[in-house]
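In: Build me a model from this:
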Amino acid sequence: MDSAGAGRIAKWVTEAGLTGMSELELLNGFCDRLIAGGMPVSAVNIVIDTLHPIHEGRVFRWRRDDREGLAPVVEYGRTNVEGQAAENWRRSTYYHLHVSGEDFLRRRLGPGHPDDFSILKDLRAEGQTDYLAMIHRFAAEGAIGEMDSFYSSWMTDAPSGFSDDEIAFLRELAAPLMLALKCASLARIAKTLVETYLGRDAGRLVLNGRIARGVTDRIQAVLWFSDLHGSTHITETADPEQIIPFLNDYAEAIISSIYEAGGDVLKLIGDGTLAIFKEEDPSDACRCALKAERLMQSRIRALNEERLSCGLPVTSAYLGLHIGEVFYGNIGSQDRLDFTVVGPAVNEVSRIGALCRSVERDVLVSSAFFSTASEDDRRCLVSVGRYALRGVARPQDLFTLDPSWLEPEDLRAGTE
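Out: Residues are numbered from 1 along each chain as shown. A predicted model of the protein is given here:
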């Protein structure tokens, strides 16, 4: 590879980063161009920390040969706690660069060369002959959470390894690649954050530019408001270290059920959950909400069995369902906005959910929901009488699920 070839690759990666290519697309395109330019690269790994509620970061991998058998993206867990991920991290060449302050490491592979890192023996067994590791650090103000640097490793199986000129070109070209990767990673992090904290649909709308204060849509939606039975007593009497796992376990069962059925969670209010279901046909939205309820109850039963076997406190959920017109969008002050739903229908569904405790039913649905649901879905709903809701002008008939309608087999099938 000559200077002109390196310049063409640098130009490509800059333009590709501006177009919004993903990390994996950038890595594959970059490495394919290295090969076309005569660079004897056989394998590359890029390690990027991130902001994610579960994963600490990702490894993006490229191989010249046998790409079919390789997972191109691997997510890894926390390295700041004891465990396999932490142990692997401390044995790595990347950790050496991190603690030593160096930005480059090279190891020749083969007889007569040291195997001072465990990875080197594995690479030599694969037929690799040379190994380079780099770290590209960010300035403090450029760090995003724990993402304060990129690590990369570059391997070759050429008999003579990398030449000095090839190493110089790789080090020169790695910088624009890492800048493009940082842009791609920041876009992915932004998407993860807004979807995690706002919900999937609201997050998508915000990223598409719906951030102006007071800009809302008037939509028809099924509204879901659920809460947990006796959670206040449990959190007051349980060991403090059990409280967060308790809330997380039940939130996972509820939220995963809503998402699987096509709904979107807008807000977590303590242990309560506000969600919406939007479909072109309102009866389809009702059906999705009922599917989510079945999934939720099935998962909570399985969760309770597991927690009881461990001697942990258990609970159950109660749910109000309603359908109505709401305003959906940005509401709040100039300095703090919330992307949510507001309107009388939202107040109504919360009142219906709260009434579950006094009516002693785990599910209550409004008369509007009942009227909108399909004929098949109405067959599984039975009236529990007429009730006045606090703050709602007119009393209305409320309905609940007929316990004889859904058998355990149906619930298991719904879960599958």
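
In: From now on I want contacts and neighbour counts done on CA atoms only, so please keep to that.
Out: Will do.

In: Which stretches in the stretch 51-200 of the chain count as strands?
Out: All strands of the stretch 51-200 of the chain, identified by DSSP state E, counting those that start in this stretch, fall at 57-63, 73-76, 104-108, 130-137, 149-156.

In: Least reliable of those by average pLDDT, please.
Out: Across the strands of the stretch 51-200 of the chain, strand 73-76 has the smallest mean pLDDT, namely a mean of 78.

In: possible to save the strands of the stretch 51-200 of the chain as a markdown table with distance to residue 399 and mean neighbour count?
Out: Shown next, in a markdown table, are the strands of the stretch 51-200 of the chain (distance: least, CA to CA, whole Å; neighbours: other CA atoms under 10 Å):
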| stretch | distance to residue 399 | mean neighbour count |
| --- | --- | --- |
| strand 57-63 | 47 | 19 |
| strand 73-76 | 45 | 15 |
| strand 104-108 | 68 | 17 |
| strand 130-137 | 60 | 21 |
| strand 149-156 | 56 | 22 |
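
In: just so I know, which of these lies nearest residue 190?
Out: Shortest distance between residue 190 and the strands of the stretch 51-200 of the chain, using CA to CA, is found for strand 57-63: 14.5 Å.

In: Please work out the angle formed by the directions of that closest one and strand 149-156.
Out: Inter-element angle recorded for strand 57-63 and strand 149-156: 20 degrees (by axes from the mean of the first three to the mean of the last three CA atoms, to 10 degrees).

In: For strand 57-63, enumerate the helices and strands it packs against.
Out: With contacts taken as 3 or more CA pairs under 8 Å, 6 or more residues apart in numbering; DSSP states H and E, strand 57-63 sits against helix 23-36, strand 43-49, strand 73-76.

In: Which strands border that strand, and is each parallel or antiparallel?
Out: The sheet places strand 57-63 alongside strand 43-49 (antiparallel), strand 73-76 (antiparallel), with pairing taken from DSSP bridges.

In: still on that earlier bit, from the helices and strands packed on strand 57-63, which stretch is densest packed?
Out: The highest mean neighbour count among the helices and strands packed on strand 57-63, using mean count of other CA atoms under 10 Å, belongs to strand 43-49: a mean of 21.

In: C-alpha coordinates for that one, CSV please?
Out: Extracted C-alpha coordinates of strand 43-49, given in CSV (Å, rounded to 0.1, in the frame of the first residue of the first chain):
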residue,chain,number,x,y,z
ALA,A,43,-8.3,-10.5,11.6
VAL,A,44,-9.4,-7.3,13.4
ASN,A,45,-11.3,-6.7,16.7
ILE,A,46,-12.7,-3.4,17.8
VAL,A,47,-13.8,-3.0,21.4
ILE,A,48,-16.1,-0.2,22.3
ASP,A,49,-17.7,0.6,25.7
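
In: Could you shift the numbering so residue one becomes 24, and keep it that way?
Out: Sure, I'll start counting at 24 from here, so that last one is strand 66-72.

In: Need the residues that contact that strand.
Out: 79-87, 169-179 (CA atoms under 8 Å, 6 or more residues apart in numbering).

In: average pLDDT across that strand?
Out: 89.

In: again with stretch 111-121
Out: Per-residue pLDDT over stretch 111-121 has a mean of 86.

In: Output the below-cut-off pLDDT ranges for this structure.
Out: Within the chain, the stretches with pLDDT under 70 are 73-79, 89-91, 99-106, 108, 163-170, 428-439.

In: ok, back up a step: tell me which of the helices and strands packed on strand 80-86 sits nearest to residue 143.
Out: Going by CA to CA, the one of the helices and strands packed on strand 80-86 nearest residue 143 is strand 66-72, 13.4 Å.
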